[in-house]
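Peer 1: With the sequence up front, the predicted model follows.
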Amino acid sequence: MPDPAPGGMPGPFLGAAVPAGGFGPVFSLDGITPKIAPDAFIAPSAAVIGDVEIGSETGIWFHCLVRGDLQVIRIGARTNIQDGAIIHVDSGGFATYIGDDVTVGHNAVIHACTLKNRAFVGISATVLDGSVIEEDGMLAAGGLLTPGKRIGPMELWAGAPAKLLRVMSPEERKKFDRNAVVYRDLARRFRAGLRSVG
Ligand SMILES: CC(C)(COP(=O)(O)OP(=O)(O)OC[C@H]1O[C@@H](n2cnc3c(N)ncnc32)[C@H](O)[C@@H]1OP(=O)(O)O)[C@@H](O)C(=O)NCCC(=O)NCCS
């Protein structure tokens, strides 16, 4: 039994170092186990379940859910799935594919869709079934991308339902690229330095 946490609640990580690699809870489902690069960071309070693959230096931050049950979920390298995001699939046939150097902001919902390399999904945005964000495309914070829509390369969409706001210049887009680098470095830091102290 783990030591009781203050207040008497069991604390599974209390007093112990975070498991090797900073891995949080990872669950097999019906014998299918997530495949996770050894240098990825999975926060202790995240849950990664079933038919999921996660690439090198990607971070799955606190309180995220990545649930590969009805279809597969594939996440590339150096991608950041920020705290509280939910990644799921659809029973009707859409899996979820997330490329390299992608940013998924805090509290976003990514449902049965495709986010190509360097796609950017803002804080609390929602991407629905069968939709695609092409390379360097962006959905603004709070946006709702409705089913089957496609955000083109360098396009910034915003609103609920989301509409094209503008096509970004390379200079504007570069500012958002910086985010993936910051989060890749943060994932390294957390893998090396995060310890539970109660
Ligand atoms: C879209 C975004 C980049 C701001 O764009 P911007 O053009 O610089 O914003 P501005 O303040 O100049 O506003 C331009 C117009 O867009 C609107 N707008 C700005 N952000 C918006 C958003 N998120 N949703 C809807 N409309 C938005 C403004 O109201 C304004 O409309 P108006 O011209 O009718 O007044 C910003 O809102 C955003 O989503 N950033 C992402 C942050 C994030 O989620 N980071 C992830 C975690 S690190």
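Peer 2: Arrived safely.

Peer 1: Now do the contacts for Trp61.
Peer 2: Counting by C-beta atoms under 8 Å, 6 or more residues apart in numbering, Trp61 makes contact with Ala43, Ala46, Asn80, Ile81, Gln82, Asp83, Gly84, Ala85. C-betas here are computed from N, CA, C, even on glycine.

Peer 1: if you set the cut-off to 6 Å instead, what comes out?
Peer 2: Neighbour list for Trp61: Ala43, Gln82, Asp83 [criterion: C-beta atoms under 6 Å, 6 or more residues apart in numbering].

Peer 1: Now for Val109: which residues touch it?
Peer 2: Ile86, Thr126.

Peer 1: make it 10 Å
Peer 2: Taking C-beta atoms under 10 Å, 6 or more residues apart in numbering, we find Val109 in contact with 65, 84-88, 121, 124-128, 144.

Peer 1: hang on, the earlier thing: nearest to the ligand among the contacts of Trp61?
Peer 2: Using C-beta to the nearest ligand atom, Gln82 comes nearest to the ligand of these, at 5.9 Å.

Peer 1: Number of residues surrounding the residue nearest to the closest one when sequence neighbours are not counted?
Peer 2: Among residues not flanking Gln82 along the chain, His106 sits closest, at 4.5 Å (C-beta to C-beta, 6 or more residues apart in numbering). Neighbour count for His106, taken as other C-beta atoms under 10 Å: 18.

Peer 1: just the one 5 residues further on next, same as before
Peer 2: Counted with other C-beta under 10 Å, the burial measure for His111 works out to 20 neighbours.

Peer 1: does it have beta-bridge partners, and which?
Peer 2: His88 (DSSP bridges).

Peer 1: Do I have it right that it meets His88?
Peer 2: Yes: His111 lies in contact with His88 (C-beta atoms under 10 Å); the separation is 5.5 Å.

Peer 1: Touching the helix or strand where Trp157 lies from outside, list them.
Peer 2: Secondary structure assignment for Trp157, by DSSP states H and E: strand 155-158. Applying C-beta under 10 Å, 6+ apart, the external contacts of strand 155-158 come out as 120, 122, 125, 133-134, 136-145, 149-151, 162-168, 172-173, 176.
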